[in-house]
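**Q** Got a predicted model here, sequence first, then my questions.
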Amino acid sequence: MKQATGTGIGRALRAARLRRGKSLEEASRETRVKTEYLNALEGERFDVLLGDVYVRGFLRSYARYLGLNPEKVLAVYQRRFGKRPPPAPVHKAPGVAVESVVDVPERHKRTAWILAASAAVIVLISAAALGLLARSQDAPPPAQAGAAASSIPVLPPKVQVDIQAELAVGAVVMVDGAAKGGFNGLLDPGEAHSFQGEREISVLLDSGESVKIVVNGKDLGKPGQAGVRYEATFTGDDFRG
């Protein structure tokens, strides 16, 4: 590349570095660009930087580090040199990791993105295929019609009885034939209880029309006759369906 002078880029870079009070060695450590390359930029000896791509990358990185507008710096370089053919490929960027400083051309970024996306799709498809194979191998044979139904025991529905006293009345409630979980005593007006059993619930009242009763969600009102003893037994099948 032909050596260029008089663009003003080098003087601007050097002035910005001095304003920041940085030596070339400090700038080199902080930008991870070799001192001789920074010196070449400030001296506008672009021909020592192994190609146009590296020149642009170093200019952008160094200008940004110095607080200059990298686009303006590159615009000056562009006006002086224009677009140049890409340099011959090299095995290693001089003095710096290319991905950290040199901007990769957009077409290269797009290509890398497409390759990465394609690889991800292939991985997902492979994982899905393996998952389908694993499921197909581990899945049990389909049960014959009626087999599943016969193997699952059908439990009888539980029975629930809710009572609320309208008048004071003596009451006995037995749950599954036992006093445990039931009631035996005097119900005061407004007093309410809820009972649940596995098989049956028996209700005995000293007088009918004294207690509101709800069985399995069915409101029976105040069953029986006033002054007449009321007795009933309810199961899980009562008032369902």
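**A** Cool, got the structure.

**Q** Point to the helix or strand of the chain where mean pLDDT is at its lowest.
**A** helix 98-101 (a mean of 38; mean pLDDT, DSSP states H and E).

**Q** just the helices in the chain please.
**A** Per DSSP state H, the chain carries helices over the ranges 9-19, 24-31, 35-42, 52-65, 70-81, 98-101, 106-138, 147-151.

**Q** hey, least reliable of those helices by pLDDT?
**A** Among the helices of the chain, helix 98-101 carries the lowest mean pLDDT, at a mean of 38.

**Q** gap between the two ends of stretch 219-237?
**A** With Cα to Cα, to the nearest Å as the measure, stretch 219-237 spans 15 Å from end to end.

**Q** Let me see the mean pLDDT of it.
**A** The predicted model assigns stretch 219-237 a mean pLDDT of 93.

**Q** List the buried residues in it.
**A** 220, 222, 223, 224, 230, 232, 234, 235, 236 (16 or more other Cβ atoms under 10 Å). For glycine as for every other residue, the C-beta is placed from the backbone atoms N, C-alpha and C.

**Q** ok, now how distant is the last one from residue 198?
**A** Distance, residue 236 to residue 198, using Cβ to Cβ, to the nearest Å: 8 Å.

**Q** same deal with the second one?
**A** Look at residue 222 and residue 198: by Cβ to Cβ, they are 27 Å apart.

**Q** Would you map out the domains in this protein?
**A** Per automatic domain parsing, the structural domains of the chain span 9-107, 159-235.

**Q** Other residues contacting stretch 197-207?
**A** With contacts defined as Cβ atoms under 8 Å, 6 or more residues apart in numbering, stretch 197-207 is touched by 156, 158-161, 163, 167, 169-177, 181-182, 195, 211, 213, 224, 226-236.

**Q** Quick check: end-to-end length of that stretch?
**A** 24 Å.

**Q** Over to stretch 163-173?
**A** Stretch 163-173: ends 10 Å apart by Cα to Cα.

**Q** outside of that stretch, which residues touch it?
**A** 161, 182-195, 201-207, 209-214, 222.

**Q** Equivalent analysis for stretch 227-235, please.
**A** Residues outside stretch 227-235 that contact it (Cβ under 8 Å, 6+ apart) are 159, 161, 199-208, 215-216, 223-224.

**Q** Check these and tell me the two furthest apart.
**A** Farthest pair in these (Cβ to Cβ) is 199 and 207. Separation: 26.9 Å.

**Q** More neighbours: those two, which one.
**A** The residue with more neighbours, out of residue 199 and residue 207, is residue 207; 18 against 13, by other Cβ atoms under 10 Å.

**Q** And that one, how close does it get to residue 191?
**A** Residue 207 sits 15 Å away from residue 191, taking Cβ to Cβ as the criterion.

**Q** about what we covered before: can you list the buried residues of stretch 219-237 in TSV and add distance to residue 66?
**A** As requested, the buried residues of stretch 219-237 are exported to TSV (distance: Cβ to Cβ, whole Å):
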residue	distance to residue 66
220	91
222	94
223	96
224	99
230	99
232	96
234	91
235	91
236	85
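
**Q** If we only consider the residues you listed, which is nearest to residue 11?
**A** Ranked by distance to residue 11 (Cβ to Cβ), the buried residues of stretch 219-237 are led by residue 236 at 96.9 Å.
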